[in-house]
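> no sequence on this one, just coordinates:
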């Protein structure tokens, strides 16, 4: 059975001499695994379209439960991601997160939109990478069923908590004086408002908030550590990104 779809290449692994095994996030079937035969050959017509972090048109063939790439052409190569190692590593982190939190063979338009919008913003340098990363992480948590409850303090009910903190374990907001958790992180300045904006904004407006300085530092720290705490795992691409981010 042949099927034509659009697909984001989340991961590529060399197989044998010239093949690639791909993890794809497709528009129609969600996350699938597919083989791209001969994609590593110089003469291959699918070489560019089957590279990691490429958005492509693909014709796939399904036989006995296994997908094979029959034809592929590039829609968006996200060339800006290849300008430096740190940027590509951050894009790869986004892809690893999507792979980890998506469900095999289950269409997910919102998650695909988040991935594409985040990679586009990063590739075109539309915002500070820390801002893109934090917005991606928070929105991903929301779409995956881990949305933090940041509307009001979980104890006193204050909508504008005094010295607000976020509990990384249960995802609840507290005033500093109301919090009894040892796993809470600070959300000072405008970082709380920025978090609320990311969680409630339409998909294409999750980067529309304005934040810099210590507020952005707080938001970035909270978003990353909330994701790590909720997923209970590490991400190799995140560790790799941090090696170059500090240079």
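Structure received. Values in this document were obtained by computation on a predicted structure and should not be read as measured data.

> now the nearest residue to residue 35 once chain neighbours are set aside: which helix or strand?
In space, and not counting its chain neighbours, residue 35 is closest to residue 68: 5.1 Å by Cβ to Cβ, 6 or more residues apart in numbering. Every C-beta, even on glycine, is put in place using the N, C-alpha and C of the backbone. Using DSSP states H and E, residue 68 sits within strand 66-76.

> paired strands for that strand, with orientation please.
Applying DSSP bridges, strand 66-76 is found paired with strand 30-36 (parallel), strand 55-63 (antiparallel).

> and the helix or strand following it, what does it pack onto?
The helix or strand immediately downstream of strand 66-76 is helix 85-101, counting by DSSP H and E. Contacts defined by 3 or more Cβ pairs under 8 Å, 6 or more residues apart in numbering; DSSP states H and E place helix 85-101 against strand 2-15, strand 19-26, helix 109-123, helix 129-143, helix 213-231, helix 236-245.

> please point out which parts of the shortest one sit buried.
So the one you mean is strand 19-26. When burial is assessed from 16 or more other Cβ atoms under 10 Å, strand 19-26 yields the following buried residues: 19, 20, 22, 23, 24, 25, 26.

> for the fourth one, same thing?
Residues 129-143 are the ones in helix 129-143 that count as buried (16+ other Cβ under 10 Å).

> show me how the record splits the chain into domains.
According to automatic domain parsing, the chain comprises the domains 2-77, 80-245.

> quick check: residue 237 touching residue 99?
No - counting by Cβ atoms under 8 Å, residue 237 stays clear of residue 99, with 10.1 Å between them.

> who's more crowded, the two?
residue 237 (19 against 15; other Cβ atoms under 10 Å).

> pLDDT value on that one, please?
Residue 237 is assigned a predicted lDDT (pLDDT) of 98.

> center of this structure, which residue is that?
residue 94 (3.3 Å; Cα atoms, centre = their mean).

> quick one: that one from residue 78, how far?
Noted for residue 94: a distance of 11 Å to residue 78, by Cβ to Cβ, to the nearest Å.

> now do the shared contacts for the two.
Common contacts of residue 94 and residue 78, defined by Cβ atoms under 8 Å, 6 or more residues apart in numbering, comprise 119, 122.

> circling back: how close does the residue nearest to the centre of the chain sit to residue 221?
Residue 94 sits 18 Å away from residue 221, going by Cβ to Cβ.

> repeat for residue 17
Going from residue 17 to residue 221 by Cβ to Cβ gives 45 Å.

> neighbour count winner among the two?
Taking other Cβ under 10 Å, residue 17 and residue 221 do not tie; residue 221 has more neighbours (16 against 8).

> which secondary structure element is home to the closest residue to that one other than its chain neighbours?
In this structure, residue 221 finds its nearest non-sequential neighbour in residue 185, 6.1 Å apart by Cβ to Cβ, 6+ apart. Secondary structure assigned from DSSP H and E places residue 185 in strand 184-186.

> per-residue confidence averaged over that strand?
For strand 184-186, the per-residue pLDDT averages 95.
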